[in-house]
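S.K.: Here's my sequence, what's the structure:
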Amino acid sequence: MRKSSRSSSIDPSSLSSSALVGLPLPDDSSLWNEVSGSLLPPALNYQKRNESLVSKLNKGHGKLAGIAKTRSLKPKAALQMQDFYTNLLSGLREEKGYLTKILGNIDTILKNRESLENEAKKKKRRGDDKEKAGKPAISKKRRTTGESIDNPLNLESGDQVVVQPVANKEWLLALVLRYIPEKRVYEVEDAEEDEDRPGTRNTYLCSVKTIIPVPKEGERRDEFPPGYSVIALYPGSSCFYSATVMVPPSKNKDPDYPGDYMVKFDDDQGFERGVEPRMVLEPPKRQK
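M.R.: Have a look, this model is predicted:
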């Protein structure tokens, strides 16, 4: 199973609205609303979750150091530490994804602001030149259209989805880039960098049938009951595999995975693993 080791040193709390007063312009309201409304809150939640996992890992290492001096390490303890690490890696990847999107939006806002300021200066110079020549300045209004773009899944740029780029192959976590109406496909970007080309990510064109939207942070859904067949994100990777729900979030009493599903992945030696609820989805065959 494909795994990833990503980290982020950016503090999302430094991106609060008070730190960016004066940046957003009217034309950039949607970008700014996305930052403050749907990107920053989950980034902060992942930061807290990751800090909690680091604390648990430190405690676990302390306990393991004492155990190693007196007796051999039990498989359950080893598996627990492995899950801590894989969940931390997964959480860091999610945090980095949100932060990358936040920084991308802010960069666009700044570039738009610079562009508008430059355009205003050019218009002023043109107006001054025309007045000097004794000609009245002619104002040109930009033409706008209210055309709506077909978007069957109502997905926005930056939304998380699960896609199957190659038929009958594995399902991958990805980010929506855009919808292409004339081709009736979505262009998406792999959530994980290409192992053979560090620093780059693959992009795919996917039809609606090969896309499963990931619920947004805070979106309410009915829980899957125990024994239900799902696909879930394997901890520490960007791949989704078939699994069976063992314990739903509302009944999970395990202090190491509060609020998570406990699932058993197919062909995973019967281990139960904790998975974030948003990353436990209806199997593709049941998608409507």
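
S.K.: The protein: strands as residue ranges?
M.R.: With strands called from DSSP state E, the chain shows them at 160-163, 171-180, 185-190, 203-206, 211-213, 229-233, 239-247, 261-265, 272-275, 280-281.

S.K.: Next, the buried residues of the fourth one.
M.R.: Translated: strand 203-206. 204, 206 (16 or more other CB atoms under 10 Å). All C-beta atoms are positioned from the backbone trio N, CA, C, and that covers glycine.

S.K.: partners of that strand in the sheet?
M.R.: strand 185-190 (antiparallel) (DSSP bridges).

S.K.: average pLDDT for the strand it pairs with?
M.R.: Regarding strand 185-190, the rounded mean pLDDT is 96.

S.K.: and the angle from that strand to strand 171-180?
M.R.: Here strand 185-190 runs at an angle of 130 degrees relative to strand 171-180 (axes from the mean of the first three to the mean of the last three CA atoms, to 10 degrees).

S.K.: and strand 185-190, which residues are buried?
M.R.: When neighbours are counted by 16+ other CB under 10 Å, the buried residues of strand 185-190 are found to be 185-188, 190.

S.K.: what about the protein, any weak spots by pLDDT?
M.R.: 1-27, 62-73, 123-149, 286-288 (pLDDT under 70).

S.K.: And it, what are its domain boundaries?
M.R.: The chain breaks down into these domains under automatic domain parsing: 24-122, 160-213, 229-286.

S.K.: most tightly surrounded among the ones you listed?
M.R.: Mean neighbour count (mean count of other CB atoms under 10 Å) peaks for domain 229-286 among those, with a mean of 17.

S.K.: any idea how far it is from the chain center?
M.R.: Here domain 229-286 is found 18 Å from its chain centre; the criterion is CA atoms, centre = their mean, to the nearest Å.

S.K.: Quick one: closest of the domains of the chain to D150.
M.R.: Of all the domains of the chain, it is domain 160-213 that lies closest to D150, at 4.6 Å by CB to CB.

S.K.: Now the terminal residues of that closest one, how far apart.
M.R.: Domain 160-213 has an end-to-end distance of 7 Å (CA to CA, to the nearest Å).

S.K.: Also stretch 162-177?
M.R.: 13 Å.

S.K.: who touches that stretch?
M.R.: Stretch 162-177 is contacted from outside by 97, 101, 155-161, 186-192, 202-204, 206, 210-212, 214, 231, 233, 238-241, 279, 281, 284, using CB atoms under 8 Å, 6 or more residues apart in numbering.

S.K.: so who does G274 touch?
M.R.: Taking CB under 8 Å, 6+ apart as the contact definition, G274 lies against 83, 87, 235, 252, 254, 256-257, 260-262.

S.K.: Recalculate using a threshold of 6 Å.
M.R.: 257, 260, 262 (CB atoms under 6 Å, 6 or more residues apart in numbering).

S.K.: now do S229
M.R.: Here S229 is in contact with 244, 283 (CB under 6 Å, 6+ apart).

S.K.: Tell me what it is bridged to.
M.R.: S229 has these beta-bridge partners by DSSP bridges: T244.

S.K.: Pull up the gap between it and S242, please.
M.R.: As judged by CB to CB, to the nearest Å, S229 and S242 stand 7 Å apart.
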